[in-house]
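Colleague: After the sequence you'll find the predicted model.
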Amino acid sequence: MIKKWMWLLVVLVAVCCVWVGAAWAGGWAVLTLENWPEQVVAGEPVTVRYALRQHGSHLISGVEGTVTAVHAETGERLQFTATDTDETGYYETTLLLPTAGEWRWHIDSFGRFEMPPLTATTGTAVPAAASAPTTLLANPTSFSWVLGVLGVVVMGTAVVLWRRQQTRFAPAAALLGVTLCLAGFVVAPTVGTRASETAVPPTAELGEILFVAKGCVTCHQHSGVAYSGIRTDIGPNLSHHQVGAEFLRLWLRDPAQVRPQTLMPNLELSDREIEALVVFLSGDGEASVASKTN
């Protein structure tokens, strides 16, 4: 009887080892959206591109992908096929949501990855770069160069006047030239840069969306995120982390630079995405509606 139970125990242990080994050999992956589609217009195509990393680190190609979108009110259900791109581990598809309203969607590719809802609006999408008239004042860089060049011209005129001994106008022209140069090459670029950085400030809501869309939720828990897709929870719980904002920025920009042995890959986040995640992760972890999924 004892030998019988011993053999049964050995078989159970062997089965568990095989299951765990299979899981770590290729049983899970992390899906990362390259860009979150902030503007979706009903009836207009929107490109969705994502990376797939086996065990969260190694980019893998050749995995079939299907995007399923369901309209929250009508129940209309659509499916789109994602295909490999020329870049290893990256896939792409084009969504065409015909009806305005909220669409709940997920991606099936090496597992089921739930995504935050998309809201399709009516009308025409207006790219951020085209939202303002194309004028010098709308382009701070061009405007600053015009001021600077004009300043150089005026200063050159001042030199000519001085050499012709027209000292009455030369000092005034020189002063005006210096002022224009300072305004064009120093003041205007600084103001333009600050304005562009603060035009669309990152929010905790966007950070919560990115926490799901970038795949953070696959490895990390957060009490403010409702998620029912694939998850491993191999990373620390980030609901109430104790690190500062500056450390978070460095870590999100390139984890290996902070800790060379880390398993977390570089997700190539933009500055705006990093700031949004910092704002979200620095909050109190209370639940919100930004990332509720189907």
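Modeller: Here it is on my side, so go on.
Colleague: Tell me who's in contact with Gln221.
Modeller: Counting by C-beta atoms under 8 Å, 6 or more residues apart in numbering, Gln221 touches Arg231, Asp233, Asn237, Leu238, Ser239. C-betas here are computed from N, CA, C, even on glycine.
Colleague: ok, now with 6 Å
Modeller: Listed by C-beta atoms under 6 Å, 6 or more residues apart in numbering, the contact partners of Gln221 are Asp233, Asn237.
Colleague: element containing it, please.
Modeller: According to DSSP states H and E, Gln221 maps onto no helix or strand at all.
Colleague: cool, and Val279?
Modeller: Assigned by DSSP H and E, Val279 falls within helix 271-281.
Colleague: Please identify the buried residues of that helix?
Modeller: Glu273, Ile274, Glu275, Ala276, Leu277, Val278, Val279, Phe280, Leu281 (16 or more other C-beta atoms under 10 Å).
Colleague: With respect to Thr157, which of the residues you listed is nearest?
Modeller: Nearest to Thr157 among those, counting by C-beta to C-beta, is Glu275 at 45.4 Å.
Colleague: which residues does Pro102 bridge with?
Modeller: For the record, residue 102 is Glu, not Pro. Thr119 (DSSP bridges).
Colleague: just checking, Glu208 is part of a helix?
Modeller: Yes. Glu208: assigned to a helix according to DSSP: H, G, I helix; E, B strand; the rest coil.
Colleague: What is the burial count for it?
Modeller: Look at Glu208: counted by other C-beta atoms under 10 Å, it has 27 neighbours.
Colleague: Would you mind measuring from it to Ala276?
Modeller: According to C-beta to C-beta, to the nearest Å, Glu208 stands 9 Å off from Ala276.
Colleague: Rounded mean pLDDT for the helix or strand harbouring Val217, please.
Modeller: Using DSSP H and E, the element containing Val217 is helix 216-219. Regarding helix 216-219, the rounded mean pLDDT is 90.
Colleague: Nothing else from me, thank you.
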